[in-house]
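A.B. asks: I'll drop the sequence and a predicted model, then ask my questions.
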Amino acid sequence: MKRLIKLLIFVLISANSFGTAQIPDLIIYNGDTLSLYSCPLDSFPNQDLINPQGLFGSKGCFYTACWRNYVATWEIINNELYLTEIKNACYPTNLRDVSASYKGKIEKDSIGSKYADLKKLFPQRFKNGKVKADWVNGKLYAPHGNLLYYVHDGFQSIYESELEVTIVEGAIIGSRILDNSKTKKSKYTEEPKLLKEYIYNNIRSENLPESDTIKRRVIIKIVSSDDNGKIDSVNILRGVNEIYDKEAVRVIKSIPEWEVIYRHGEKVNRGWMIPVNFDLTKKK
């Protein structure tokens with residue numbers, strides 16, 4: 001008689017409110033036009049204006065890749081941040097890294113003007129064709145270099161580096177380049193089938209009971225991995241007993257290469273949860 005071990009593995013990943021990768025605003029910095037992974041208009045005091053009706057005089061169009069319905073262009077001039085353009089995301093664009101396009105099912109007359117009237121919207125701040133963004137405080141991020149890790153969610157994709165600009169009331173008080181180059185993917189997070197096969201093939205029968213007719217499941221959370229992708233910390237979210245728990249932890253920590261993520265120059269550990277189902281039966 002020999003033992004048959006069956007494992008069912010699945011991975012749960014938390015989602016945020018976007019659910020779809022978003023088209024970024026643009027920022028002009030030292031003559032370069034960069035994608036902006038921040039939305040400075042989100043903090044404008046009068047949010048009643050920051051919608052398709054307020055900006056373009058229309059209901060806009062449903063566009064999952066640009067929930068905010070606009071693509072704004074910003075520029076840093078003499079260490080101050082200015083808003084230079086707000087374009088209706090329902091219209092096509094040739095801007096680099098921006099793929100907004102007119103939706104064929106929407107009547108063109110209903111999507112409003114192509115550009116917002118900055119002078120009308122920001123009369124106290126408008127001068128020489130641009131708006132001084134003195135309401136903006138905090139940090140803005142613009143990705144640089146090659147895409148290392150695509151995430152189909154908001155502005156979560158990882159690039160080799162990021163420009164970080166710190167702003168107080170629209171004035172630039174500091175900037176630096178943040179290094180994300182240690183980021184690397186794992187074939188086990190990219191292809192769950194490989195993860196399932198790895199765990200199945202690395203279970204040690206001698207570490208488990210001789211026989212068990214009850215299905216068992218241990219839920220493991222991978223807390224962190226080092227810069228080489230070696231899993232160095234896990235939690236047992238739901239255990240069975242010392243025997244099953246220990247074997248589940250051993251196998252998960254033996255995975256040879258896990259993902260490594262750096263964002264804003266700092267290590268980020270995503271909370272991967274792996275429920276491992278054991279179904280042990282006797283087979284002649």
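C.D. replies: Perfect, I can see it now.
A.B. asks: The protein: helices as residue ranges?
C.D. replies: 52-56, 118-121, 187-190, 192-202, 242-253 (DSSP state H).
A.B. asks: Including mean neighbour count, mean pLDDT and distance to Asn69, could those go into TSV?
C.D. replies: Placement of C-beta: from N, CA and C, glycine included. Shown next, in TSV, are those (neighbours: other Cβ atoms under 10 Å; pLDDT from 0 to 100; distance: least, Cβ to Cβ, whole Å):
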stretch	mean neighbour count	mean pLDDT	distance to Asn69
helix 52-56	19	94	5
helix 118-121	14	97	14
helix 187-190	16	92	32
helix 192-202	15	91	35
helix 242-253	18	95	43
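A.B. asks: Can I get these in JSON lines including distance to Ile222?
C.D. replies: Formatted as JSON lines, the helices of the chain follow (distance: least, Cβ to Cβ, whole Å):
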{"stretch": "helix 52-56", "distance to Ile222": "42"}
{"stretch": "helix 118-121", "distance to Ile222": "47"}
{"stretch": "helix 187-190", "distance to Ile222": "10"}
{"stretch": "helix 192-202", "distance to Ile222": "11"}
{"stretch": "helix 242-253", "distance to Ile222": "7"}
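A.B. asks: wait, which of those helices is closest to Ile173?
C.D. replies: Across these, Ile173 has its closest neighbour in helix 118-121 (24.9 Å, Cβ to Cβ).
A.B. asks: Excluding chain neighbours, what is closest to Val71?
C.D. replies: With Cβ to Cβ, 6 or more residues apart in numbering as the criterion, Val71 has its nearest non-adjacent residue at 4.8 Å, and that residue is Lys87.
A.B. asks: same thing with Glu169?
C.D. replies: Nearest-residue entry for Glu169: Asp134, 5.1 Å, with adjacent residues in sequence omitted and distances by Cβ to Cβ, 6+ apart.
A.B. asks: got a list of what that neighbour touches?
C.D. replies: The neighbours of Asp134, taking Cβ atoms under 8 Å, 6 or more residues apart in numbering as the test, are 125, 169-170.
A.B. asks: Quick one: which of those residues is the most crowded by neighbours?
C.D. replies: Gly170 (19 neighbours; other Cβ atoms under 10 Å).
A.B. asks: pretty sure that residue contacts Leu83?
C.D. replies: No: contact between Gly170 and Leu83 fails when scored by Cβ atoms under 8 Å: they sit 9.8 Å apart.
A.B. asks: which residues do these two both contact?
C.D. replies: Residues touching both Gly170 and Leu83 by Cβ under 8 Å, 6+ apart: Ala133.
A.B. asks: Distance of the residue nearest to Val71 relative to Ala142?
C.D. replies: 18 Å (Cβ to Cβ, to the nearest Å).
A.B. asks: hang on, the earlier thing: just send the contacts of Asp134 back as a markdown table, with pLDDT and distance to Gly60 too.
C.D. replies: Below are these laid out as a markdown table (pLDDT from 0 to 100; distance: Cβ to Cβ, whole Å):
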| residue | pLDDT | distance to Gly60 |
| --- | --- | --- |
| Arg125 | 96 | 24 |
| Glu169 | 97 | 30 |
| Gly170 | 97 | 27 |
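A.B. asks: Would you mind giving those as CSV with distance to Lys187 added?
C.D. replies: Listed next are the contacts of Asp134 as CSV, based on distance: Cβ to Cβ, whole Å:
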residue, distance to Lys187
Arg125, 50
Glu169, 47
Gly170, 45
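A.B. asks: Among those residues, which one lies nearest to Thr189?
C.D. replies: Gly170 (40.0 Å).
A.B. asks: how about that closest one, what does it touch?
C.D. replies: Shown in contact with Gly170 (Cβ under 8 Å, 6+ apart): 80-81, 132-136.
A.B. asks: Quick one: buried ones out of the residues you listed?
C.D. replies: Among the contacts of Gly170, those classed as buried by 16 or more other Cβ atoms under 10 Å are 81, 132-136.
A.B. asks: of the residues you listed, closest to Phe278?
C.D. replies: Of all the buried ones among the contacts of Gly170, Val136 has the smallest distance to Phe278: 53.6 Å, by Cβ to Cβ.
A.B. asks: and the residue nearest in space to the middle of the chain, how far is that from Thr20?
C.D. replies: Using Cα atoms, centre = their mean, the residue of the chain that lies closest to the mean C-alpha position is Gln156, 2.0 Å off. Shown here: Gln156 relative to Thr20, a distance of 11 Å by Cβ to Cβ.
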